[in-house]
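In: With the input below, show me the fold.
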Amino acid sequence: LDSCFEKVYVKRKYVLIHSGSPAVYQLKPKKDNIGSLTRMTLGEKNPNKTILLVGETGTGKSTLINALVNYAMGVEWEDDVWFKIIEEEKRSQSESQTSDVIVYQIFGFEDKTLPYSLTIIDTPGYGSTRGIGQDVIISQRLFDLFRSEDGVHEINAVGLVVTGTVNRLSDRQRYIFDSVISLFGKDIEKNIVALITHSDGITPKNALQALEAAKIKCARNEKNQPVHFLFNNRQEEDRTEDEEALKHADKTSMKRMNQFTNFLVKTPPQKMQKTVDVLNERIRLTACIQNLQERIELIYLKQTEIQQTQDGLKKHEEEMKKNENFTIEVDEVYKDKEPIDGGMWGLVFYEAATCCTVCEENCHYPGCTMAWKPGHCEVMKGGHCTSCTRKCPASDHVKENWKYVDKTRKVKKTLEDVKEKYETNKKETKNKESLLETLQKEKETLEEKKTPLLDEAYQHVVKLEQIALNVVSLSTYVHLDFLIEEMTKKKDTEKVDHLKQMESQKDEGFLAGLQYMYNAISQMFKRKKMTRGLPRSRLLTQRHVPVSWSYSCSSLEQGEHLDHRRKI
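Out: As a prediction, this is how the structure comes out:
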């Protein structure tokens with residue numbers, strides 16, 4: 001160890017984990033938070049390269065991060081030491097909830113082996129046992145990282161971590177990769193690479209074939225293979241046995257690490273503005289669809305009330321002629337406020353609803369986690385809401401721990417009550433035929449109001465098609481399904497054909513990810529004893545079970561129950 005004291009890295013804070021060959025040290029980087037994510041910094045910032053790592057538990061991602069850190073610090077075989085930046089002690093769930101996204105910043109070691117400092121973004125929470133609703137929060141945290149002033153504004157590589165022995169990507173892996181890749185704009189494809197761990201140094205044919213079969217969008221080499229780099233994950237093993245084999249493995253790893261870091265130098269970084277645009281568009285699409293569904297349900301409820309009124313007028317025609325005070329019973333629609341699970345950290349909401357008090361609508365719920373006031377919510381653009389009916393200014397909105405709900409109540413109405421509600425022109429002829437015609441026109445007007453709502457959602461999908469790398473991601477697939485169904489009802493064949501063409505882009509890998517998502521939702525229902533008698537098709541279309549999977553999972557995990565109020 002004495003020979004290492006001249007090196008920069010031993011001047012940093014560290015703790016000996018265990019002595020031996022190699023001696024293993026736990027580094028103690030500076031820890032701070034950006035919003036709700038964690039940043040770990042070692043040294044001072046200089047010219048920098050940024051890597052985002054994605055992979056499921058067990059692929060060797062933590063060991064790879066430690067290897068990158070040791071390489072950046074200039075650790076060599078002869079030093080007989082190994083540093084770990086990832087603490088492997090078990091965290092409680094409450095602690096780990098702030099660690100779904102971790103940013104490791106390795107500064108101050110430039111010119112040891114690299115001419116630049118290194119930033120590594122890890123996403124250990126994706127695909128965790130806490131459910132896919134938690135994955136939505138992780139995406140939100142990445143969004144916050146990319147758009148914050150002191151966050152990450154460009155990325156040099158997105159590393160998809162898989163083992164060298166994998167024959168096919170699991171449903172969970174496909175889901176994790178899709179979840180992350182769908183965050184980015186089209187310009188990121190040439191920066192996406194495969195990082196093959198537990199490799200013996202030989203071309204990983206099985207792993208490459210698995211990536212090909214999953215149709216992962218990524219950079220390609222001269223052989224049209226996914227650009228990939230090999231790592232053996234054995235640097236920390238005890239060297240008292242098989243020293244020569246381990247030394248050879250270390251030499252091979254250093255060579256591969258050099259190839260990867262050269263890729264970072266040669267490949268232009270991608271600005272995160274396009275990613276922020278994609279994330280904004282997906283959030284607005286999801287909020288738009290959620291709001292659209294609530295408004296369509298309100299239309300259904302109002303149409304039901306009108307239909308009941310029409311039926312009552314026709315059925316009791318003779319009685320009303322004899323008695324003007326004769327009453328009919330209808331399900332009257334009214335607005336109410338309902339508390340939601342949520343609260344604040346200090347002065348910041350971590351889960352709440354952004355609502356318009358003029359339109360009396362939920363503009364962003366669930367999913368509004370980062371904005372601390374309505375004007376900062378993602379559904380706001382140019383100071384106005386992109387979600388509510390009137391596109392009201394942000395000042396007409398509140399962010400609270402309640403939401404609007406449409407309910408019905410049984411009420412008895414006289415003929416005069418009906419006329420008072422539906423006849424806007426008090427000079428109209430007050431006969432039954434005129435009133436029935438008025439009611440029918442009101443029903444038709446309500447139906448017409450659906451068209452601009454659907455067109456608005458369609459435009460969000462078109463915008464995504466223009467800027468996103470993965471348009472038909474798992475998070476938008478169910479939106480397409482919903483829009484196709486509604487557009488078919490209004491016989492807009494041109495838009496239906498376009499949406500179906502987009503939907504047809506899904507492949508076996510995509511369906512595998514969808515299967516994982518479906519299974520995760522099913523398990524969530526089983527835990528809540530909610531799946532009994534609920535077919536798969538309903539799971540994918542029920543109001544609180546995703547038309548937006550990201551929203552619905554969040555809702556369900558908060559204990560929200562299925563809504564059986566729809567009458568039509």
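In: Now the phi/psi pair for residue 76, please.
Out: Note on residue 76: backbone dihedrals following degrees, to the nearest 10 are phi -120, psi 160.
In: Let me see the contact set for it.
Out: Residue 76 sits next to no residue when contact means C-beta atoms under 8 Å, 6 or more residues apart in numbering. C-beta here means a position set from N, CA and C on the backbone, and glycine is covered the same way.
In: One more: residue 163?
Out: By C-beta under 8 Å, 6+ apart, the residues touching residue 163 are 58-60, 196-198, 207.
In: ditto for residue 353
Out: With contact taken as C-beta under 8 Å, 6+ apart, residue 353 is in contact with 340, 342, 362, 364-366, 368, 399-403.
In: Could you tell me which of those belong to strands?
Out: Those of the contacts of residue 353 mapping onto strands are 362, 364-366, 368, 399-400, 402-403, per DSSP state E.
In: Which among the residues you listed count as buried?
Out: 362, 364-366, 368, 399-400, 402-403 (16 or more other C-beta atoms under 10 Å).
In: after the host helix or strand of residue 211 comes which helix or strand?
Out: Assigned by DSSP states H and E, residue 211 belongs to helix 205-213. Going down the chain from helix 205-213, the next helix or strand is strand 228-230, by DSSP H and E.
In: hmm, back to that, buried ones in the helix holding residue 211?
Out: 207-208, 210-211, 213.
In: Can you add pLDDT and give those residues back as CSV?
Out: Output for those, formatted as CSV (pLDDT from 0 to 100):
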residue, pLDDT
207, 91
208, 92
210, 89
211, 90
213, 86
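In: Among the residues you listed, which one sits closest to residue 223?
Out: Using C-beta to C-beta, residue 208 is the member of the buried residues of helix 205-213 that lies nearest residue 223, at 9.8 Å.
In: From what I see, the closest one and residue 224 are in contact.
Out: No. Assessed by C-beta atoms under 8 Å, residue 208 is found out of contact with residue 224, at 10.8 Å.
In: For residue 294, see how far away residue 359 is.
Out: 11 Å (C-beta to C-beta, to the nearest Å).
In: re earlier: point out the ones among the contacts of residue 163 that are inside helices.
Out: Here DSSP state H is the test, and those give residue 207 as lying in helices.
In: Quick check: of the contacts of residue 163, which has the highest neighbour count?
Out: Top of those by neighbour number is residue 196, holding 28 neighbours under the definition other C-beta atoms under 10 Å.
In: Tell me if I'm right that it and residue 160 touch.
Out: No. Applying C-beta under 8 Å as the test, residue 196 and residue 160 come out as separate, 9.5 Å apart.
In: tell me the average confidence for the lengthiest helix in the chain?
Out: Secondary structure assigned by DSSP H gives helix 273-315 as the longest helix of the chain. Mean pLDDT, helix 273-315: 83.
In: Closest to residue 113 out of the buried ones among the ones in strands among the contacts of residue 353?
Out: For these, the residue nearest residue 113 by C-beta to C-beta is residue 368; the value is 44.1 Å.
In: Tell me the predicted confidence for that closest one.
Out: Residue 368 is assigned a pLDDT of 75 by the prediction.
In: With residue 78 instead?
Out: 90.
In: That one looks like it's in a helix, true?
Out: Yes. Residue 78 forms part of a helix when assessed by DSSP: H, G, I helix; E, B strand; the rest coil.
In: separation between it and residue 238?
Out: Applying C-beta to C-beta, the value for residue 78 to residue 238 is 17 Å.
In: more neighbours, those two?
Out: The neighbour comparison of residue 78 against residue 238 (other C-beta under 10 Å) goes to residue 238, with 12 against 9.
In: how about the more buried one, secondary structure?
Out: Under three-state DSSP, the three-state class of residue 238 is coil.
In: List the residues that contact it.
Out: Residues counted as contacts of residue 238 (C-beta under 8 Å, 6+ apart) are 20-21.
In: From residue 71, how far out is it?
Out: Computed with C-beta to C-beta, the distance linking residue 238 and residue 71 is 21 Å.
In: Over to residue 483?
Out: Taking C-beta to C-beta, one finds residue 483 at 48 Å from residue 71.
In: Also residue 386?
Out: 45 Å.
In: For the nearest residue to residue 80 once chain neighbours are set aside, list the residues it contacts.
Out: Closest residue to residue 80 apart from its sequence neighbours, by C-beta to C-beta, 6 or more residues apart in numbering: residue 22 at 4.9 Å. Residues near residue 22 by C-beta under 8 Å, 6+ apart: 79-82, 235-236, 239.
In: And residue 415, its phi and psi?
Out: Backbone torsions for residue 415, taken as degrees, to the nearest 10, come to phi -60, psi -40.
In: Could you export the buried residues of helix 205-213 to a markdown table, including columns for distance to residue 316?
Out: Shown next, in a markdown table, are those (distance: C-beta to C-beta, whole Å):
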| residue | distance to residue 316 |
| --- | --- |
| 207 | 74 |
| 208 | 75 |
| 210 | 69 |
| 211 | 69 |
| 213 | 66 |
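In: Mind picking the two most distant members of the residues you listed?
Out: Spatial extent of the buried residues of helix 205-213 (C-beta to C-beta) is set by the pair 207 and 213 at 10.8 Å.
In: This structure - how does it break down into domains?
Out: The record assigns the chain these domain ranges, following automatic domain parsing: 2-158+232-271, 278-340+401-557.
In: lowest-confidence stretch among the ones you listed?
Out: Among the domains of the chain, domain 278-340+401-557 scores lowest, at a mean of 71.
In: what residues are up against residue 375?
Out: 383, 394-395, 397.
In: Tell me the buried residues within the residues you listed.
Out: Taking 16+ other C-beta under 10 Å as the criterion, what is buried in the contacts of residue 375 is 394, 397.
In: Now for the contacts of residue 375: which two are most distant?
Out: Largest separation among the contacts of residue 375 by C-beta to C-beta: 383 and 397, giving 10.9 Å.
In: and stretch 188-196, which residues are buried?
Out: Along stretch 188-196, these residues count as buried under the neighbour rule (16+ other C-beta under 10 Å): 188-189, 191-196.
In: Which members of those occur in strands, if any?
Out: Among those, the ones falling in strands (DSSP E) are 192-196.
In: Any chance of the backbone angles for residue 316?
Out: Per degrees, to the nearest 10, the backbone of residue 316 is at phi -110, psi 40.
In: And it, how far from residue 310?
Out: 12 Å.
In: Likewise for residue 372?
Out: For residue 372, the distance to residue 310 - C-beta to C-beta - is 48 Å.
In: before we move on, what about residue 47?
Out: 73 Å.
In: Same question for residue 207.
Out: For residue 207, the distance to residue 310 (C-beta to C-beta) stands at 65 Å.
In: Then residue 171?
Out: Taken as C-beta to C-beta, the span from residue 171 to residue 310 is 50 Å.
In: Identify the residues contacting residue 152.
Out: The contact partners of residue 152, taken as C-beta under 8 Å, 6+ apart, are 50, 103, 119, 121, 145-146, 272.
In: Double-check residue 138 against residue 123; I have them as touching.
Out: Yes. The pair residue 138 / residue 123 is scored as a contact, 6.1 Å apart, by C-beta under 8 Å.
In: what sits in contact with each of these two?
Out: Common neighbours of residue 138 and residue 123 (C-beta under 8 Å, 6+ apart) are 100-101.
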